[in-house]
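S.K.: All I have is the shape, not the residue letters:
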DNA sequence: GCGACAG
DNA sequence: ATCTTGTCGC
């Protein structure tokens, strides 16, 4: 049963203290383990999509929902001016784009590390409202459980909508890799554990540094992604899904698609309106 | 007081 | 995030 928590939506007008209190509520409501009906192994990009399509053929009417691969949606933002954000959502199934939507909303607050959801959550929720399909899982450009209060933007939106979600960050917000993450071979994952900066027992597994791509050559190397559970997904599955979708590039395809669509959709937006002074 | 900090 | 030049490699 689906139980959205609109009451926990990120409100930009709150004081910093109230925002942090809300994040602790989000973390309490979040589920950092697999809790969804589909088979994550059926999440793929186009190249491998045909391989597993044959396996699920003889469907009974009741299982009709699972006769098709899960819908994976990537979410990302771009900025139009200094006070408007454009949020883009690209829904994919078996690696194919089935829907793209976007929404523009005013930015209420500046970027503050740890409070990203209060800056970009509004635009994201507005864009998700525009979607006609129901994503089985959401991939965000930012952290999930790898967060001071275990409530990164992927976790926050996942809980509010009660949809499985994963955080995919390009840099590490907090936590401690259990070993060096420089110049890792492709396919490597290094656990990220809670340290004193995180509101969780030291050593709690928050996510993974995941090396999806790497150069063959000498001194230059690609940094890993920092993948963490958002909501209703465990750390292993979160990394599995991102790895399965990051076939040609460092970032998983739905996130790349959302990234470019967020840029592309700028041309569809009205120029900034002069607010009367 | 200093450092560190997703997008 | 956004800007933007320079460099590496197929």
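M.R.: Everything's here; your move. As the structure is a prediction and not an experimental result, all values here were calculated from the model.

S.K.: Around DNA strand B, which positions in the stretch 51-200 of chain A sit nearby?
M.R.: With Cβ under 7 Å from any atom of the strand as the criterion, the stretch 51-200 of chain A comes near DNA strand B at residues A:76-77, A:111, A:113-117, A:141-143, A:147, A:152-154, A:167, A:169-174, A:197. C-betas here are computed from N, CA, C, even on glycine.

S.K.: What pLDDT is listed against whichever residue of the stretch 101-250 of chain A sits closest to DNA strand C?
M.R.: Per Cβ to the nearest atom of the strand, the residue of the stretch 101-250 of chain A with the smallest distance to DNA strand C is residue A:217, at 3.9 Å. Reading off the confidence values, residue A:217 has pLDDT 77.

S.K.: picking up where we left off before, now, of the residues of the stretch 51-200 of chain A next to DNA strand B, which are buried?
M.R.: Neighbour-count burial (16 or more other Cβ atoms under 10 Å) is assigned, among these, to A:76-77, A:114-117, A:141-143, A:147, A:152-154, A:167, A:169, A:172-174.

S.K.: need the contact list for the closest residue to DNA strand C within the stretch 51-200 of chain A.
M.R.: Nearest residue of the stretch 51-200 of chain A to DNA strand C: residue A:78, at 3.4 Å (Cβ to the nearest atom of the strand). Residue A:78 is in contact with A:85-86, A:88, A:262-263, A:265-266, counting by Cβ atoms under 8 Å, 6 or more residues apart in numbering.

S.K.: biggest separation within the residues you listed, which pair?
M.R.: Pairwise distances across the contacts of residue A:78 (Cβ to Cβ) peak at 12.8 Å, for the pair A:85 and A:263.

S.K.: Quick one: mark the members of the contacts of residue A:78 that sit in strands.
M.R.: Those of the contacts of residue A:78 mapping onto strands are A:85-86, A:88, per DSSP state E.

S.K.: Who does residue A:137 form a beta bridge with?
M.R.: residue A:72 (DSSP bridges).

S.K.: where do the helices sit along the stretch 101-250 of chain A?
M.R.: In chain order, the stretch 101-250 of chain A shows helices spanning A:116-130, A:153-161, A:235-245, with DSSP state H, counting those that start in this stretch as the criterion.

S.K.: out of those, deepest packed?
M.R.: Of all the helices of the stretch 101-250 of chain A, helix A:153-161 carries the top mean neighbour count, a mean of 29, counting by mean count of other Cβ atoms under 10 Å.

S.K.: contact partners of that helix?
M.R.: Outside of helix A:153-161, the residues within contact range by Cβ under 8 Å, 6+ apart are A:4-6, A:8-10, A:23, A:26-27, A:29-30, A:75, A:116-117, A:120-121, A:124-125, A:128, A:138-140, A:142-145, A:147, A:163-168, A:228-232.

S.K.: repeat that with 6 Å
M.R.: Contacts with helix A:153-161, where a contact means Cβ atoms under 6 Å, 6 or more residues apart in numbering, come from A:4-5, A:8-10, A:26, A:29-30, A:116-117, A:124, A:140, A:142, A:144, A:165, A:167, A:230-231.
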